[in-house]
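*Asks:* Please work out how this folds:
(2 chains)
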Amino acid sequence: MSEDSFVDEALLNRVKAWRNYFAAKVGFRNHWYAACYSRELAEGDFLARTILGEDILFRRVGAQVRAIKNRCIHRGVRFSDKPECHTEGTISCWYHGFTYRWDDGVLCNIIGAPQSQLIGKRRIKIYPVTEALGIVFVFVGDADFAVPPLATDVPPTFFDDARVLEGESRIVEANWRTGPEGGLDEIHRYLHRDSKLLLNTKATMPLGHVGVKAHCEVVDADGGAKGVIDHFNPGTMYFEADIEDQKGVVTGIRFADTGAPRPRRAVSASVWLPGALRVQGFPAPDLTFFEFYTPINETQHRCFLAITRVCATEEERARFRSEFVTRWRRYAIQDFLSQDISARESTQWFYRHDRAWLEEVLVEEDFMLMEWRRLASKHARGVQKPSHMD
Amino acid sequence: MSESAGRKRVCSVADVESGAMISVDIEGLPRLAVYRVGEEFYCTQDMCTHGAASLSDEGDLNGYIIECTWHDGKFDVRTGAPCALPCTEALRTFPVSIEGGEVYIEVA
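*Replies:* The predicted structure is shown next:
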């Protein structure tokens, strides 16, 4: 294996069209990632997270969230083991008193050695942070990289006026790439055939369908978010499965038409760099679902399951909040989306070996996954490497 | 659908540029890929034997070697033999003849 790669060079050389994606086992560098929900960081609170293998400490200071490398430059202890902030603008290591400014990471004091010539001449890594719709995002990348706007790393429509977000997060015991691929996976609808969400929303769910390449749109204009859209417009759908000579051994969900005219609605899914899913019209027609996948390490990621709605009034916001608590958390997150999470964790047993990415046997409908891999390979701003990590 | 044996026209010579390939649908047969290497024509099944990638859509033709870009497996279009992992199973091939500017295959 190459010294500074998570994936054996010999394997990487076998996949030219999506090599960078294959190499990005711990994520794409120089991108914005969801770190936590804003509600998880009250004023003065600390939160330690590992993102792309980098240990980061967050703190809300004067309503603004700051982020610093969670490891003292001196002897490598984690600040989060015993956080100490003697002033609002600094953090001190609990071991020897190395003190750093949140603003620029400069070592401004060493309480245990106040005459040291290192003071003012060393700094620790700090991370750009921003908040949007109740999620704290952090930029993980090179210190000299020109940080792009968050809008380039979230799906379009995320910043629609009056969009309100409710959500939860999960740690998933699977490589981060299983997240976006699971979302864009055309034929995994079969998995959801017995989800309680379908009964709750009276949704139709076929067992399978025939994929149409023309429904795949690649979005890669300069300066904007980059992604792949599945304009799912079902042509041939299958609601019954025959196995050999046995008919109808499995059935999909199809609710009886009441006779009244009803527009046919297709749920549109898309996946965006560096790793975010958007599903419009899910779990209900007036809602949009976003899922952000933040790599933790090679075998884990954190997913942020966010259900959103454009709410023009306070009354609508209150009603949305109430429905999230009483309905969507139970049926969408704890049932339907948890099925996806379980599936990802199950595939990880195979994908724990890098060679699995070459040995997988994909079907025709998996062309969407290939488009995503190619797009991500081409447009990602960098690949996280062992040398970037703690 | 059962295959009918015999000689079948798949395309015109002019339909395929040198160094390129096209897909062809013939009733009773799986989708086919027709390759042109210089003035030579070859025909195989279109679907990779590893996954369900279409070689005419997702492949790169370099000389006699067709490479499936899903996982970089390779085949020799002259024989259908796999040349690189993860492909281990040969492509089905069809003998090709040219007559009057038309490309024909023989279905056994």
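*Asks:* Around A:Arg78, how many other residues sit close by?
*Replies:* Residues near A:Arg78, counting by other CB atoms under 10 Å in any protein chain shown, number 18. Bear in mind the C-beta positions are built from the backbone N, C-alpha and C, glycine included.
*Asks:* distance of it from A:Thr90?
*Replies:* 17 Å (CB to CB, to the nearest Å).
*Asks:* Then B:Arg36?
*Replies:* For B:Arg36 relative to A:Thr90 (CB to CB), the value is 70 Å.
*Asks:* higher neighbour count, those two?
*Replies:* Between B:Arg36 and A:Thr90, counted using other CB under 10 Å, the more crowded position is B:Arg36 (21 against 18).
*Asks:* Relative to chain A, how far out is the residue nearest to B:Arg78 when sequence neighbours are not counted?
*Replies:* Using CB to CB, 6 or more residues apart in numbering or on different chains and skipping the chain neighbours, the partner closest in space to B:Arg78 is B:Tyr64 (5.4 Å). The gap separating B:Tyr64 from chain A is 19 Å, by CB to the nearest CB, to the nearest Å.
*Asks:* So which bits of chain B are right by chain A?
*Replies:* B:50-54, B:57-58, B:69-72, B:84-86 (CB under 8 Å from any CB of the partner chain).
*Asks:* Neighbour-wise, give me the winner out of those residues.
*Replies:* Result: B:Trp70 is most packed of those (other CB under 10 Å), 28 neighbours.
*Asks:* which residue sits closest to that residue in space, ignoring its chain neighbours?
*Replies:* With CB to CB, 6+ apart, the residue lying closest to B:Trp70 is B:Ala53, at 4.4 Å.
*Asks:* so what's the backbone phi/psi at whichever residue of the stretch 101-250 of chain A sits closest to chain B?
*Replies:* Minimum separation of the stretch 101-250 of chain A from chain B (CB to the nearest CB) falls at A:Lys213, amounting to 7.7 Å. Torsion angles at A:Lys213 (phi, psi; degrees, to the nearest 10) stand at phi -60, psi -30.
*Asks:* and it, how many residues sit next to it?
*Replies:* Count around A:Lys213 with other CB under 10 Å applied: 12.
*Asks:* With A:Ile171 instead?
*Replies:* In terms of burial, A:Ile171 registers 12 neighbours under the definition other CB under 10 Å.
*Asks:* Identify the residues contacting the helix or strand containing it?
*Replies:* If you go by DSSP states H and E, A:Ile171 is part of strand A:163-172. Contact with strand A:163-172 is made by A:34, A:36-37, A:133-135, A:157, A:178-179, A:288, A:290, A:296, A:300-311, A:317, A:320-321, A:324-325, A:328-329, A:333, A:341, A:344-345, as judged by CB atoms under 8 Å, 6 or more residues apart in numbering or on different chains.
*Asks:* Out of the residues you listed, list just those in helices.
*Replies:* Among the contacts of strand A:163-172, the ones falling in helices (DSSP state H) are A:Thr178, A:Gly179, A:Arg317, A:Phe320, A:Arg321, A:Ile341, A:Arg344, A:Glu345.
*Asks:* Those, buried ones only, as a ChimeraX selection?
*Replies:* Listed next is the ChimeraX selection for buried residues among these, using 16 or more other CB atoms under 10 Å in any protein chain shown:
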select /A:178,179,320,341,344
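*Asks:* before we move on, the earlier item: hang on, isn't the residue nearest to B:Arg78 packed against B:Phe41?
*Replies:* No: using CB atoms under 8 Å, B:Tyr64 is not in contact with B:Phe41, being 11.8 Å away.
*Asks:* So if I had to pick from the two, which one is more boxed in?
*Replies:* Regarding B:Tyr64 and B:Phe41, a neighbour count based on other CB under 10 Å identifies B:Phe41 as having more, with 21 against 15.
*Asks:* what packs against the one helix or strand A:Gln339 maps to?
*Replies:* Element membership of A:Gln339 [criterion: DSSP H and E] is helix A:338-351. Packing partners of helix A:338-351 (3 or more CB pairs under 8 Å, 6 or more residues apart in numbering or on different chains; DSSP states H and E): strand A:163-172, helix A:178-184.
*Asks:* Where do the helices of chain B begin and end?
*Replies:* Assigned by DSSP H, chain B shows helices spanning B:55-58.
*Asks:* What of chain A?
*Replies:* Taking DSSP H as the criterion, chain A carries its helices at A:9-12, A:19-23, A:178-184, A:196-201, A:314-323, A:338-351, A:356-359, A:367-379.
*Asks:* what's the most buried one of those?
*Replies:* helix A:178-184 (a mean of 24; mean count of other CB atoms under 10 Å in any protein chain shown).
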